[in-house]
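K.L.:
heads up, no residue letters with this:
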């Protein structure tokens, strides 16, 4: 993020982050499998009736695959019967185990502004969404974060979009369109920076072309092998690129977006105390009930 480091776009007060992935990556807005107990003739085709029908269509008893310890997989989460819609892979779309698109892709995309702008933790969080059934994450969400002043830098408003929701196309694209698959748009005092498909470009294109490539000021991981960076650091041969001191606030920021969704409320957050100051009931979503036998 050398463009930001060398001030190519000036002070950044606004960031937009978006992603979109098909249902195959995680279930969205899907009910938990359950038998239809009502008379099918009396089940309507409204949202409630359709949800019941989908749940019944998925209902069934499935044997736990050999080699899978279902109890170990459940861990601290509530006990539910094994179902292939939960595991493998699709667990990330269920509230019991995952954080949906925000927790999955946020780790990759929110990472950049968190790091480049030294955002720390937000003080205000609010999430809007399509219908949320409490079992799987909604089909689409928008989360608004407010980060306070820090290290001589101004307040920043960061907006997260998923499920096909996106920020408006900036006029500096000169008729072009933002990549619907995902990206980051930094709005600075002197210009804008667009990051898509692993590349960053100043906007408009004429400014990018006249500015030239920035100097590399930040360390790189050899061959981009972040797994080996982790292993070699454990062995004392390398310097970790993402220490726990950084990863923890990044994860906490994403989870606060989930807490705002579950609380259905704007949250004012006291980061040092790790509590919500405007809605005491929302604090329940900052922790969880541990399953019997799995308490810490």
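P.N.:
Perfect, thanks for sending it. Owing to the predicted nature of the structure, the values given are computational and were not obtained by experimental measurement.
K.L.:
and the contacts of the helix or strand bottoming out on mean pLDDT in the chain?
P.N.:
Least confident helix or strand of the chain, by mean pLDDT, DSSP states H and E, is helix 2-5 with a mean of 88. Contact partners of helix 2-5, identified using C-beta atoms under 8 Å, 6 or more residues apart in numbering, comprise 9, 12, 116-117, 186, 193, 200, 202, 214-218. Every C-beta, even on glycine, is put in place using the N, C-alpha and C of the backbone.
K.L.:
closest to residue 255 out of those residues?
P.N.:
residue 117 (19.6 Å; C-beta to C-beta).
K.L.:
now for whichever strand or helix holds residue 159, which elements pack on it?
P.N.:
Secondary structure assignment for residue 159, by DSSP states H and E: strand 156-161. Here strand 156-161 touches strand 12-19, strand 141-147, going by 3 or more C-beta pairs under 8 Å, 6 or more residues apart in numbering; DSSP states H and E.
K.L.:
now do the SS call for residue 261.
P.N.:
Following DSSP: H, G, I helix; E, B strand; the rest coil, we place residue 261 in the helix state.
K.L.:
isn't it up against residue 133?
P.N.:
No - counting by C-beta atoms under 8 Å, residue 261 stays clear of residue 133, with 11.8 Å between them.
K.L.:
give me the more crowded residue out of those two.
P.N.:
Just comparing residue 261 and residue 133: by other C-beta atoms under 10 Å the higher neighbour count belongs to residue 261, 25 against 15.
K.L.:
how big is the angle separating the next helix or strand after the strand holding residue 159 from strand 12-19?
P.N.:
Counting by DSSP H and E, the element after strand 156-161 in chain order, helix or strand, is strand 182-188. Inter-element angle recorded for strand 182-188 and strand 12-19: 170 degrees (by axes from the mean of the first three to the mean of the last three C-alpha atoms, to 10 degrees).
K.L.:
ranges for the helices of the stretch 1-150 of the chain?
P.N.:
Along the stretch 1-150 of the chain, counting by DSSP state H, counting those that start in this stretch, helices occupy 2-5, 47-58, 70-74, 100-109, 111-116.
K.L.:
stretch 213-222 - what's its average pLDDT?
P.N.:
The average pLDDT within stretch 213-222 is 83.
K.L.:
ChimeraX command to pick out the buried ones of the contacts of helix 2-5?
P.N.:
Here is the ChimeraX selection string for the buried members of the contacts of helix 2-5, based on 16 or more other C-beta atoms under 10 Å:
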select :9,12,116,117,186,193,200,202
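K.L.:
kindly reformat the contacts of helix 2-5 as JSON lines containing distance to residue 144.
P.N.:
Shown next, in JSON lines, are those (distance: C-beta to C-beta, whole Å):
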{"residue": "9", "distance to residue 144": "21"}
{"residue": "12", "distance to residue 144": "16"}
{"residue": "116", "distance to residue 144": "20"}
{"residue": "117", "distance to residue 144": "16"}
{"residue": "186", "distance to residue 144": "16"}
{"residue": "193", "distance to residue 144": "20"}
{"residue": "200", "distance to residue 144": "24"}
{"residue": "202", "distance to residue 144": "26"}
{"residue": "214", "distance to residue 144": "30"}
{"residue": "215", "distance to residue 144": "34"}
{"residue": "216", "distance to residue 144": "33"}
{"residue": "217", "distance to residue 144": "31"}
{"residue": "218", "distance to residue 144": "28"}
